[in-house]
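**Student:** quick one, structure for this:
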Amino acid sequence: METRIRTVAFTGHRNMNREDVWLLPSLLEEIILRLSARGAVVFRAGGAMGFDTLAALKVLDMQARLPQLELELVLPCRNQTERWDAASVRTYNYILNNATRHSFLFDSYTEGCMLARDRRLVEGADVCVAYCARSHGGTAYTCTHAIKNGLELINLYDLLHP
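**Tutor:** A predicted model of the protein is given here:
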């Protein structure tokens, strides 16, 4: 019997290969359903472009069928979108306005705020769902931090590229 869980943290790269971007929504849905069946209710994302956005949108989409799902955003700073294009800002604002709750760790960008966000995503979580294709960078850091903190790690990149 699998361990009951409550909180899931998402982490992943901003840039992903095109084929994976097409495959990830259905894989995310499958994983979210599986984790929900194990008791997961809270799904955390860090608000970045790329994987964070895909994961957050999938949770919001699935709330119609699974209204108990909560999307919690752990955001590094209030001006995170300062240099983003208009379409990405609109998507970010949609996610922010529809999340169950959100928190900003800093008022403005500061050195280390992204890593602070990554650590906070993992704190108190039971499972980390990642899209990690490299052994360096913020996503790899978050995966390593999750494992050190005893979280189960599900790397979707590994599932897509066995």
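**Student:** look up how far I154 lies from R34.
**Tutor:** 9 Å (C-beta to C-beta, to the nearest Å). All C-beta spots, glycine's among them, are computed from the backbone N, C-alpha and C.
**Student:** mind checking which of those two has more residues around it?
**Tutor:** Neighbour count, other C-beta atoms under 10 Å: between R34 and I154, I154 has more, with 15 against 12.
**Student:** just confirm the more buried one is within a helix.
**Tutor:** No: assessed with DSSP: H, G, I helix; E, B strand; the rest coil, I154 is strand; it does not lie in a helix.
**Student:** report the contact partners of it.
**Tutor:** 31, 127-130 (C-beta atoms under 8 Å, 6 or more residues apart in numbering).
**Student:** who does it form a beta bridge with?
**Tutor:** Counting by DSSP bridges, I154 forms beta bridges with V129.
**Student:** one step back: just among the contacts of I154, which is most surrounded?
**Tutor:** Busiest of these [other C-beta under 10 Å] is V129, holding 28 neighbours.
**Student:** surely that one is in contact with A9?
**Tutor:** Yes: assessed by C-beta atoms under 8 Å, V129 is found in contact with A9 at 7.3 Å.
**Student:** any weak-confidence spans in the protein?
**Tutor:** Residues of the chain meeting the criterion pLDDT under 70: 1.
**Student:** then the lengthiest helix in the chain to PDB, C-alphas only?
**Tutor:** When the chain is parsed with DSSP state H, its longest helix is helix 18-37. Taking C-alpha atoms only, helix 18-37 is exported to PDB below (Å, rounded to 0.1, in the frame of the first residue of the first chain):
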ATOM      1  CA  ARG A  18       8.900  20.900 -28.000                       C
ATOM      2  CA  GLU A  19       7.900  17.200 -28.000                       C
ATOM      3  CA  ASP A  20       7.800  17.100 -24.200                       C
ATOM      4  CA  VAL A  21       5.700  20.200 -24.100                       C
ATOM      5  CA  TRP A  22       3.000  18.400 -26.100                       C
ATOM      6  CA  LEU A  23       3.200  15.200 -23.900                       C
ATOM      7  CA  LEU A  24       3.400  16.800 -20.500                       C
ATOM      8  CA  PRO A  25      -0.200  17.900 -20.000                       C
ATOM      9  CA  SER A  26      -1.600  14.400 -20.300                       C
ATOM     10  CA  LEU A  27       1.300  13.000 -18.200                       C
ATOM     11  CA  LEU A  28       0.700  15.700 -15.500                       C
ATOM     12  CA  GLU A  29      -3.000  14.800 -15.500                       C
ATOM     13  CA  GLU A  30      -2.100  11.100 -14.900                       C
ATOM     14  CA  ILE A  31       0.300  11.900 -12.100                       C
ATOM     15  CA  ILE A  32      -2.000  14.400 -10.400                       C
ATOM     16  CA  LEU A  33      -4.900  11.800 -10.500                       C
ATOM     17  CA  ARG A  34      -2.500   9.200  -9.000                       C
ATOM     18  CA  LEU A  35      -1.300  11.500  -6.300                       C
ATOM     19  CA  SER A  36      -4.900  12.700  -5.500                       C
ATOM     20  CA  ALA A  37      -5.900   9.100  -5.000                       C
END
